[in-house]
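>>> here are the coordinates; sequence isn't available:
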Ligand SMILES: Nc1ncnc2c1ncn2[C@@H]1O[C@H](COP(=O)(O)OP(=O)(O)OP(=O)(O)O)[C@@H](O)[C@H]1O
Ligand SMILES: Cc1cn([C@H]2C[C@H](O)[C@@H](COP(=O)(O)O)O2)c(=O)[nH]c1=O
């Protein structure tokens with residue numbers, strides 16, 4: 001029997017397919033997993049995968065990507081899946097040709113009718129007996145994926161081609177999977193993975209698969225394990241969002257405690273701080289990292305407490321923090337976490353910041369010093385950039401130009417472009433310079449997410465045109481409105497709030513809670529009950545607005561543009 005797992009990135013395919021494989025083996029079945037532990041078993045397929053993920057290949061066309069992905073699946077089929085099936089084993093696959101239909105058809109917009117015959121050829125007529133669609137809210141999938149990477153200390157995908165189109169791609173891919181499942185109910189089983197502990201899901205999955213293996217008919221096409229969300233509790237509104245957020249957090253803590261700790265990231269105010277204290281011993285690194293953007297004294301106290309157990313995360317959380325306590329903490333952390341300490345100095349031109357940079361240069365940490373230079377236009381900074389160019393540290397030099405306007409910076413960007421276009425694009429965040437505009441125009445079709453990020457907060461005709469073009473496709477168009485009160489910002493939020501509800505709300509962060517903002521939040525919450533990332537963002541907006549409105553003596557949030565949202 002051939003069992004395939006499908007679903008968007010971060011939906012839980014790898015986790016659940018591995019759990020199923022292990023359990024079936026324990027039950028005595030002979031099982032082959034074609035992507036054991038997440039690694040494609042065929043070496044050729046692994047090489048093809050590297051190619052499709054390489055972000056330098058920005059010109060890779062949707063058709064070329066499709067055929068490469070077919071090649072990967074054909075190789076897995078010929079080398080791993082077909083032989084296992086012919087040995088009479090149960091063969092489990094983590095993605096198969098349906099992924100290519102969903103990505104290239106649903107995601108990239110190629111005509112499905114033209115894709116299917118090519119998939120048929122690649123499959124040689126061999127299609128799974130059972131497809132498990134692990135279905136999840138795309139916002140939650142991104143959160144879990146990010147959290148998983150933080151906890152396993154794996155590097156983020158960074159510039160993998162995968163992220164470049166923006167988060168909207170996963171939304172379209174998910175819709176495409178659901179459509180395929182709807183049309184082929186005998187083959188597809190949908191397993192909902194939003195608010196259920198993994199062990200419960202695993203059991204339901206094993207029961208369903210064993211029923212199939214024993215020739216018993218499956219009774220259902222969608223497995224929706226009992227959820228903690230109780231509609232009977234009434235609507236969530238701005239008025240009760242604090243109470244409902246913390247109630248929900250309690251429930252999340254029961255099933256995914258690390259996620260609960262991470263959901264507190266960047267939320268100002270005493271109630272969130274008290275919950276951080278309660279989580280700090282169990283998840284020091286997550287709690288420390290999640291204080292990025294918080295400027296109040298209790299947050300600084302907690303950083304000092306966590307400094308020895310989670311030095312890198314505490315250092316990261318100091319980004320944008322100035323003042324004596326932040327400077328002393330950096331001094332203390334430098335020996336254990338020099339890269340993070342230096343990265344936290346972006347836009348800091350204080351004497352203490354320069355003293356640390358000089359120390360790091362003496363220690364031979366050129367790369368890290370370059371990472372600390374965003375926004376610095378003094379001669380010392382240009383000397384370091386020159387040293388970076390001599391060492392061919394092109395991406396790091398580009399990073400050092402982040403947010404820096406002017407002809408000198410643009411001239412260096414021109415030099416860097418042939419080496420690393422995405423790094424240069426990233427450096428144009430918030431800039432309205434000729435190079436920034438030219439690059440955005442050239443890359444909007446290839447790296448829409450980064451292009452939209454680079455116009456965050458920009459109030460130019462070019463930025464508005466890009467947002468209007470991007471908003472139907474991906475949520476990052478609304479991210480780029482963060483804290484903007486312009487009528488065009490409101491229009492975009494309202495027009496696209498059904499598609500990007502979580503982001504329509506988070507983009508209000510930093511704005512006062514006027515009637516317009518309250519009405520939007522209430523409307524989005526009412527339309528999306530039980531959507532966890534949305535509830536978190538709604539509470540973050542409300543808590544931030546309350547903090548900003550509080551008298552100056554009360555604990556306050558950082559600057560309005562500080563990153564208080566969760567990194568996802
Ligand atoms: N129900 C759940 N409870 C807790 N954690 C979960 C749950 N489902 C998934 N996760 C976590 O979410 C993260 C993503 O899961 P996983 O890697 O299995 O997804 P995937 O679909 O294989 O993603 P990708 O296609 O990007 O490799 C993992 O860290 C996993 O542990
Ligand atoms: C670039 C890109 C790809 N996908 C899909 C298409 C492929 O089948 C898989 C490859 O991913 P994996 O990490 O090897 O499982 O993902 C996608 O969904 N989004 C993208 O941007």
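That came in fine, so what should we check first? Quantities reported herein were computed from a predicted structural model and do not represent experimental measurements. Ligands and ions are numbered 1, 2, ... in the order given.
>>> is any residue of stretch 271-290 near ligand 1?
No - using C-beta under 6 Å from any ligand atom, stretch 271-290 never reaches ligand 1; the gap is at least 13.0 Å. Just so you know, the C-beta spots here come from the backbone N, C-alpha and C atoms, and that holds for glycine as well.
>>> can you tell me the average pLDDT over that stretch?
The pLDDT scores in stretch 271-290 average 98.
>>> endpoints of it, how far apart?
One end of stretch 271-290 sits 15 Å from the other (C-alpha to C-alpha, to the nearest Å).
>>> what ranges do the strands span in this structure?
2-6, 31-33, 90-94, 130-135, 188-192, 222-223 (DSSP state E).
>>> tell me if the first one is near ligand 1.
No - contact of strand 2-6 with ligand 1 (C-beta under 6 Å from any ligand atom) is absent, the minimum separation being 7.7 Å.
>>> report the strands that pair with that strand, each with its relative direction.
Strand 2-6 has the following sheet partners, assigned by DSSP bridges: strand 90-94 (parallel), strand 130-135 (parallel).
>>> who's in contact with the shortest one?
Contacts with strand 90-94, where a contact means C-beta atoms under 8 Å, 6 or more residues apart in numbering, come from 1-5, 13-14, 17, 20-21, 24, 29-35, 38, 76, 80-81, 84-85, 128, 213.
>>> out of those residues, which end up buried?
1-5, 13-14, 17, 20-21, 24, 31-35, 76, 80-81, 84-85, 128, 213 (16 or more other C-beta atoms under 10 Å).
>>> rewinding a little: as JSON lines, the strands of the chain with mean pLDDT would be great.
Output for the strands of the chain, formatted as JSON lines (pLDDT from 0 to 100):
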{"stretch": "strand 2-6", "mean pLDDT": "98"}
{"stretch": "strand 31-33", "mean pLDDT": "98"}
{"stretch": "strand 90-94", "mean pLDDT": "98"}
{"stretch": "strand 130-135", "mean pLDDT": "97"}
{"stretch": "strand 188-192", "mean pLDDT": "95"}
{"stretch": "strand 222-223", "mean pLDDT": "77"}
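>>> out of these, nearest to ligand 2?
strand 90-94 (7.0 Å; C-beta to the nearest ligand atom).
>>> any idea how far the closest one is from the chain center?
Centroid displacement of strand 90-94 relative to its chain, using C-alpha atoms, centre = their mean, to the nearest Å, is 27 Å.
>>> stretch 35-46 now?
24 Å.
>>> quick one: buried residues of that stretch?
Of the residues in stretch 35-46, 35, 36, 40, 41, 42, 45 count as buried by neighbour count, 16+ other C-beta under 10 Å.
>>> what's the closest non-adjacent residue to residue 32?
Using C-beta to C-beta, 6 or more residues apart in numbering and skipping residues adjacent in sequence, the residue nearest residue 32 is residue 84, 3.6 Å away.
>>> for residue 34, see how far away that neighbour is.
7 Å (C-beta to C-beta, to the nearest Å).
>>> in the protein, which helix has the most residues?
Using DSSP state H, we find that the single longest helix of the chain is helix 532-549.
>>> elements contacting that one?
If contacts are counted by 3 or more C-beta pairs under 8 Å, 6 or more residues apart in numbering; DSSP states H and E, helix 532-549 sits against helix 138-152, helix 241-255, helix 501-506, helix 515-527.
>>> buried stuff in it?
Buried, per 16+ other C-beta under 10 Å, within helix 532-549: 532-548.
>>> try stretch 102-120
For stretch 102-120, by 16+ other C-beta under 10 Å, it's 102, 103, 104, 105, 106, 107, 108, 110, 112, 115, 118, 119.
>>> now, which of these sits nearest ligand 2?
The nearest member of the buried residues of stretch 102-120 to ligand 2, counting by C-beta to the nearest ligand atom, is residue 103 at 4.0 Å.
>>> what sits against that closest one?
Taking C-beta under 8 Å, 6+ apart as the test, what residue 103 contacts is 65, 66, 69, 169, 173.
>>> so which of the helices and strands packed on helix 532-549 is the most packed in?
For those, the largest average neighbour count (mean count of other C-beta atoms under 10 Å) is found in helix 501-506, namely a mean of 26.
>>> what's the mean pLDDT across it?
Averaging pLDDT along helix 501-506 gives 98.
>>> now the closest residue to ligand 2 within the stretch 301-450 of the chain. Nearest residue, chain neighbours left out?
For the stretch 301-450 of the chain, the residue closest to ligand 2 is residue 449, as judged by C-beta to the nearest ligand atom, at 10.1 Å. Nearest non-adjacent residue to residue 449, counting by C-beta to C-beta, 6+ apart: residue 166, 3.9 Å away.
>>> separation between the residue of the chain found nearest ligand 1 and residue 422?
Nearest to ligand 1, among the residues of the chain, is residue 148, at 2.5 Å (C-beta to the nearest ligand atom). Residue 148 sits 24 Å away from residue 422, going by C-beta to C-beta.
>>> ok, now residue 415?
Using C-beta to C-beta, we find residue 415 at a distance of 16 Å from residue 422.
>>> what does residue 307 give?
33 Å.
>>> can you check residue 520 too?
33 Å.
>>> same deal with residue 191?
From residue 191 over to residue 422 the distance is 35 Å, taken as C-beta to C-beta.
>>> go on, residue 186?
Distance from residue 186 to residue 422, counting by C-beta to C-beta: 44 Å.
>>> between those two, point out the one with more neighbours.
residue 422 (20 against 10; other C-beta atoms under 10 Å).
>>> OK, contacts around the more buried one?
Here residue 422 is in contact with 55, 58, 159, 164, 443, 447, 450 (criterion: C-beta under 8 Å, 6+ apart).
>>> one more time with 10 Å
By C-beta atoms under 10 Å, 6 or more residues apart in numbering, the contact list for residue 422 reads 55-56, 58, 158-159, 164, 395, 398, 439, 443, 446-447, 450.
>>> need those in a markdown table with pLDDT and distance to ligand 1, can you?
Formatted as a markdown table, these follow (pLDDT from 0 to 100; distance: C-beta to the nearest ligand atom, whole Å):
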| residue | pLDDT | distance to ligand 1 |
| --- | --- | --- |
| 55 | 94 | 16 |
| 56 | 94 | 21 |
| 58 | 96 | 21 |
| 158 | 61 | 14 |
| 159 | 67 | 16 |
| 164 | 96 | 15 |
| 395 | 97 | 24 |
| 398 | 98 | 27 |
| 439 | 97 | 28 |
| 443 | 97 | 24 |
| 446 | 95 | 21 |
| 447 | 97 | 19 |
| 450 | 97 | 19 |
